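Participant: build me a model:
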Amino acid sequence: MNDCLAVILAGGKGKRLSPLTDDRAKPAVPFAGAYRIIDFSLSNCLNSGLRQILLLTQYKSLSLNRHVDRAWRRFFCGDLGEFIDVVSPQQRLSDHWYTGTADAVYQNIYSIEKAAPEYTLILAGDHVYKMDYRHLVEFHKNSSACLTIGATEVSREIARQFGVMQVDRDQRVINFAEKPDDPRPLPGSNDKSLASMGIYLFNTRFLLDLLCNDAMDRNSHHDFGHDLIPSVINNQRVFAFPFREKVGGAPAYWRDVGNVGAYYDAHMDLISAKPQLDIYDADWPIRTFHPDMPPPKFVNSGTSEQSCRGCALNSITGCGSIVTGGIVCHSVLGTNVRVDDFAHVEDSILFNGVHIGRGAIVRRAIIDKHVRVPAGTKIGCDRLVDIARRLAITENGIVVVTRTSQLETSPASRTAR
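Facilitator: Numbering: from 1, shown residues only. Down below sits the predicted model:
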């Protein structure tokens, strides 16, 4: 993998994941109690032997920059030619910010040429999965491809959000449509389509020529899915690499967590009895920054009224968290979380530093960092009350509470204002 450079796109606004992205880049959003979303792509790179990485940032990137400094720079040795460079828009080739995925790479063409890799791997920074990119590179070489696209099977309904491909018997791409209204189904299936994972492996010389030609096209969106890929499938060797499990050949776990519903569902996947994504796999570690904190603690609390048991059932609990007489069920807790007496947390995601007050009830909610839920407060129990508090609520009824939410103020008084 010494002849391969990874370029990770981590600069999108993340509007679909708002309000969790109101103050941070989407790849920096916490995930699974201990991680950030970006940790999955970076862990895949490290575990695959990729040690030359460009991380392209743009919007609200401060927390992402800090996380990379704390968690990731220690794994790379500059004396051996290894690096992870966080690159913000430099306006070397234009006077504007990135206008599309291809434009983001084009504006950093100098850094790619300086690294001089034979292959360039383009990745998204907001997907959750475990993938050995060495298999992708081997497939690419064996196919004598100019471009290889990571592909997975998804439902036709979900396929509207991705690039959809058709392939021949040799996995050569013969048709590509970006976010089609009516995705083409897989042969022999009425409800499945072959979707792009946003993973593109290019021969570098081919990529650079393609980017330069696209940059001169005023009618282009300067996007890989909309413009570059459709323009080459008829006259270049473009292949799809099926992302499958080693045993059985079933589609491997991959999730685009770019919206609140998908983000929530991915967490619920993790706390199932047998999750498809095993974050405890010692053979493929997901690395991150771990703060120096004590282990989680669960305390039975005796009060003058009655005693109550502190416990967490079917849940993930981060280090430094203390559940004192409260009950946590089917939830994910970050680090340094507090759950007080008689509180009940169910089907929820609590970020670092959240404090759930005595007797509070939280159901089907995502609570952002350092939010304090006052004693007796109910979240996710009455939709009208949550609306009166002006909390964000998804179509599926998931309530999102951020640091700007005013839980201390009663719904009636907020409505009066």
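
Participant: how about the contacts made by His222?
Facilitator: 99-103, 106, 214-215 (CB atoms under 8 Å, 6 or more residues apart in numbering). Yep, even glycine has a C-beta here, placed from its N, CA and C like the rest.

Participant: quick one: pLDDT of it?
Facilitator: We have a pLDDT of 94 for His222.

Participant: so it belongs to a strand, correct?
Facilitator: No: per DSSP: H, G, I helix; E, B strand; the rest coil, His222 lies outside any strand segment and is coil.

Participant: what sits closest to Met293 if chain neighbours are left out?
Facilitator: Leaving aside its sequence neighbours, Met293 sits nearest to Gly320 (CB to CB, 6 or more residues apart in numbering; 3.4 Å).

Participant: quick one: neighbours of the one you found, just the number.
Facilitator: For Gly320, the count of nearby residues is 20 (other CB atoms under 10 Å).

Participant: list phi and psi for it.
Facilitator: phi 80, psi 0 (degrees, to the nearest 10).

Participant: pLDDT value on it, please?
Facilitator: 96.

Participant: please look at it and Gly334 and confirm they touch.
Facilitator: No: look at Gly320 against Gly334 with CB atoms under 8 Å: they stay out of range, at 9.1 Å.

Participant: which stretches of this structure have low pLDDT?
Facilitator: 91-95, 302-307, 406, 408-417 (pLDDT under 70).

Participant: and the longest strand that it contains, which strands flank it?
Facilitator: Longest strand in the chain, counting residues (DSSP state E): strand 192-203. Note on strand 192-203: by DSSP bridges, its sheet partners are strand 119-124 (antiparallel), strand 147-155 (antiparallel), strand 163-167 (antiparallel).

Participant: immediately after that strand, which helix or strand?
Facilitator: Following strand 192-203 in sequence order, the next helix or strand is helix 204-215 (DSSP states H and E).

Participant: what comes up buried for that next one?
Facilitator: For helix 204-215, burial by neighbour count (16 or more other CB atoms under 10 Å) applies to 204, 206-208, 210-211, 214-215.

Participant: name the residues that touch the next helix or strand after it?
Facilitator: Reading on from helix 204-215 to the C-terminus, the next helix or strand found by DSSP H and E is helix 229-232. Outside helix 229-232, the residues that touch it by CB under 8 Å, 6+ apart are 146-147, 149, 163, 173, 176-178, 196, 200, 210, 214, 238.

Participant: mind listing what the spatially most central residue of the chain touches?
Facilitator: What sits nearest the mean C-alpha location of the chain, by CA atoms, centre = their mean, is Asp126, with 3.0 Å. If a contact means CB under 8 Å, 6+ apart, then Asp126 has 10, 12, 14, 17, 26-27, 37-38, 256-258 as its contacts.
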